[in-house]
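Participant: Just to be clear, the model below is a prediction. Sequence and coordinates:
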Amino acid sequence: MDTSWMSEPRSSTAFLKGLGEFLDVECKKNANGAGEIKCPCVKCTNNLSVTRDKATQHIICNGIMKGYNADHLQIGKEVAQVGIWGTKSKGSPHNHWSFRLENNHKLKKITIDHGDLIFSLMFTTEDDRGTFNDSKKFGGWNGGNEESEVTLDFDEEIIGINGTVGVSTGTYAGYTIISSLSFITNKTTHGPFGQTIGTPFDVPWNKGSFGGFYGLAGYYIDGIGVYLKASQETARVGLWGTEFHTGPQYRWSFCLEENFKLTKITIDHGDMISSLTFTSEDCMGSAHVSNKAGGYKDGTAVSEVSLAWDEEIIGMNGTFGVSSGTCGGKTISSLCFITNKRSHGPFGRVTRTSFSVPWSKGSFAGFYGTASYYIDSIGVYLRATA
């Protein structure tokens, strides 16, 4: 974004035009559930949440904060939204919460209020000047029994989370909530916090991708999702399964080209997922078939998922287990593709170890993983949507 307007007189047309464009971007990418942004004027020093109109008044009266340059404007760096696990939606906007990692900030601490479930979360970051910044406390209308802190080393970052989704008991019973959480870093696993009862979820991602968390909260943390930075247009989420075969010849990748639409998935399966083939259509209506991923060993059935013109994938779930016969490695045993219209599957044999990953509509960009006799592992490419 052009920042030359910042040096213009605050009453000038150029300044007001540039300010309007800047605030449009800020509100689109950084607004909280109430539609407010952190005020970047000199007096507020970016700590006060205000409406767009208030931010305009503050900046015209006080000037924009020193150092609020082109790099700082990248706070709203595009991210893909993965999730939500737990409660999906509620009517009141105050139930929505969001923590975005600002540019040149590092996550240093997570404060978790918990008991038999997760009551609240708070995040502490450090900027490049060594200043610490605390987020709001999300959730916690009903306090927990214990407070724990996850403190990250200077070279430690989050590369995944896992947890369980359960149902609250006691005074505020019957809510679908996050009953436990663990934070996975490049060094260790912090947790679990809460009580590991309910439906498990697990989402890993690439180092350097973490961009924050979001979700729903009230008395408790009702739902949680992850912001992932979209490096070079896409973010990689996963893998699920096992990297049983790790050489480059075993890696597979299907990434949708620009202006292409996924129209069909061909699944060769039996008690495992043997292979996957993807058919896409370009803007001229021509069909393009990908290379077959996996399939050194054929399955006993071939199924096709055909997507309608207005249908797109917004999630997948599946299981992985040990293959039969002479191979004996962990592979993807079942897959189900979730669209904005229905669930396709499951294909294969549903086994005990499961995974489930939803994402925001419009962000699907492809799949990747490892394969040999079967599909050993699978991950998803997501485009930035926020």
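Facilitator: Everything's here; your move.
Participant: Tell me where the stretch 251-386 of the chain has strands.
Facilitator: All strands of the stretch 251-386 of the chain, identified by DSSP state E, counting those that start in this stretch, fall at 251-255, 261-269, 273-281, 287-289, 293-294, 301-306, 313-322, 330-339, 343-348, 353-358, 364-371, 375-383.
Participant: Compare these and give me the one nearest residue 177.
Facilitator: Between residue 177 and the strands of the stretch 251-386 of the chain, the tightest spacing by Cβ to Cβ is seen for strand 353-358, at 16.8 Å. The C-beta positions use only the backbone N, C-alpha and C, and glycine is treated the same way.
Participant: Show the average pLDDT along the closest one.
Facilitator: Averaged over strand 353-358, pLDDT sits at 89.
Participant: Nearest spatial neighbour of residue 378, chain-adjacent residues omitted?
Facilitator: With sequence-adjacent residues excluded and distances taken as Cβ to Cβ, 6 or more residues apart in numbering, residue 378 is closest to residue 369, at 4.2 Å.
Participant: so how many other residues sit close to the one you found?
Facilitator: The tally of other residues near residue 369 (other Cβ atoms under 10 Å) stands at 24.
Participant: Residue 152 now?
Facilitator: A count of nearby residues for residue 152, using other Cβ under 10 Å, gives 20.
Participant: For it, list the residues it contacts.
Facilitator: When contacts are counted by Cβ atoms under 8 Å, 6 or more residues apart in numbering, residue 152 touches 106-109, 158, 185.
Participant: Which among these count as buried?
Facilitator: For these, a neighbour count by 16 or more other Cβ atoms under 10 Å gives the buried set as 107-108, 158, 185.
Participant: how about CSV for these, with pLDDT, secondary structure and distance to residue 314 added?
Facilitator: Shown next, in CSV, are these (pLDDT from 0 to 100; DSSP: H, G, I helix; E, B strand; the rest coil; distance: Cβ to Cβ, whole Å):
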residue, pLDDT, secondary structure, distance to residue 314
107, 95, strand, 27
108, 96, strand, 33
158, 94, strand, 24
185, 95, strand, 28
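Participant: of those, closest to residue 115?
Facilitator: Distances from residue 115 to these, taken by Cβ to Cβ, are shortest for residue 158, at 23.1 Å.
Participant: Now do the residue nearest to the closest one when sequence neighbours are not counted against residue 25, distance only.
Facilitator: Counting by Cβ to Cβ, 6+ apart, residue 158 lies nearest to residue 210, which is 4.9 Å off, once chain neighbours are set aside. As judged by Cβ to Cβ, to the nearest Å, residue 210 and residue 25 stand 22 Å apart.
Participant: what does residue 83 give?
Facilitator: Relative to residue 25, and taking Cβ to Cβ, residue 83 is found at 24 Å.
Participant: Neighbour count: those two, which is higher?
Facilitator: Applying other Cβ under 10 Å to residue 83 and residue 25 shows that residue 83 carries more neighbours, namely 22 against 13.
Participant: Show me how far the helix or strand hosting that one is from its chain's centre.
Facilitator: According to DSSP states H and E, residue 83 maps onto strand 79-86. Centroid separation between strand 79-86 and its chain, computed with Cα atoms, centre = their mean, to the nearest Å, is 4 Å.
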